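A.B. asks: Quick one, structure for this:
(one chain, ligands or ions: 2)
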Amino acid sequence: MLTLHPTKEQGATSKANEVMYVDPTATTTDEEISSQIVIEGLNSGFVADLLSGMLTHERCGTHLYRSVAGRSNNPLLKQKYEHFGEETARHVEILEQLISESGGNPNYVSPTARVVEGMNSKLLESTFMVNGAIDLMNQEMAMLDAVFLAESMDHANWSTLSKLTEKLPEGALRQRFTAAVDEVEAQEDEHLDWAKKTKLRIIAMQAESSLATTIGLKTEEVVAHIRGWLSS
Ligand SMILES: [Fe+2]
Ligand SMILES: [Fe+2]
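C.D. replies: Ligands and ions are numbered 1, 2, ... in the order given. I've put the predicted structure just below:
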């Protein structure tokens, strides 16, 4: 089952240290983590931490896409956000399955994962500005920028996983990693490529448009303008 917010009740665990409190019943250790996913020739504990970070980024991606799809005033952007959001939810599922079938706990939250969650929270938060502090056109661009930044990381994560897979010894573990990479990598190419090209297209349109500034325009006029983006 898809988990978007790992909680203690769902078996979430984390490593405690002098500045990080973890409920003793949910505490795990480097030794325990390293013994779960055993990879000959690689540092298993490091790989487990990395996978937890990647999974967290995909989980945060589902929240980002839900938020921007719900707020965009452009039907084509909205449609893409919904579609990529569905694919991102599938990436969560694939990584959860990969981790659990490899012997790990998909709800283990590594130190990397906590950093990733912090970065993603700020990214999403930055698309919300106090009403009036940012106009709708800039908000639309901020949402697209957040998608572009999130997808840059997402793309890099799956390229990393692909490279790591080449280092795995032949066997069931390598087959599982290969199947995951094969299903996701082309979608990540599409996500990043689309975000990059769409950003360029809208910026070029804005730069050439007399409506690039919304000063003096009524909200309905700005919304109508945004709705027309990418339609030709
Ligand atoms: Fe993804
Ligand atoms: Fe993606």
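A.B. asks: State the helix or strand in which the residue positioned nearest the centre of the chain lies.
C.D. replies: Most central in the chain under Cα atoms, centre = their mean is residue 61, positioned 3.2 Å from the mean C-alpha point. For residue 61, the host element (DSSP states H and E) is helix 44-71.
A.B. asks: before we move on, what about residue 151?
C.D. replies: Going by DSSP H and E, residue 151 is in helix 136-166.
A.B. asks: What residues sit buried inside that helix?
C.D. replies: 136-137, 139-151, 153-155, 157-158, 161-162, 164-165 (16 or more other Cβ atoms under 10 Å). Just so you know, the C-beta spots here come from the backbone N, C-alpha and C atoms, and that holds for glycine as well.
A.B. asks: One more: stretch 57-71?
C.D. replies: Buried positions in stretch 57-71, judged by neighbour count with 16+ other Cβ under 10 Å: 57-69.
A.B. asks: neighbours around the residue of the chain with the smallest separation from ligand 1, how many?
C.D. replies: Closest residue of the chain to ligand 1, Cβ to the ion: residue 91 (3.8 Å). When neighbours are counted by other Cβ atoms under 10 Å, residue 91 registers 25.
A.B. asks: just residue 175 next, same as before
C.D. replies: Per other Cβ under 10 Å, the neighbour tally for residue 175 reads 12.
A.B. asks: next one: residue 51
C.D. replies: Residue 51 has 26 nearby residues by other Cβ under 10 Å.
A.B. asks: quick one: it and residue 96 touch, right?
C.D. replies: No: counting by Cβ atoms under 8 Å, residue 96 is not a contact partner of residue 51; they are 9.9 Å apart.
A.B. asks: returning to that earlier point: now, the most widely separated pair of the buried residues of stretch 57-71?
C.D. replies: 57 and 69 (18.1 Å; Cβ to Cβ).
A.B. asks: Return the residues in contact with residue 88.
C.D. replies: Going by Cβ atoms under 8 Å, 6 or more residues apart in numbering, residue 88 touches 58, 61, 62, 65, 154.
A.B. asks: What values do phi and psi take at it?
C.D. replies: Dihedral angles of residue 88 (phi, psi; degrees, to the nearest 10) stand at phi -70, psi -40.
A.B. asks: Leaving out the residues flanking it, which one is nearest to residue 95?
C.D. replies: Using Cβ to Cβ, 6 or more residues apart in numbering and skipping residues adjacent in sequence, the residue nearest residue 95 is residue 55, 4.3 Å away.
A.B. asks: That neighbour and residue 38, how far apart?
C.D. replies: Going from residue 55 to residue 38 by Cβ to Cβ, to the nearest Å gives 19 Å.
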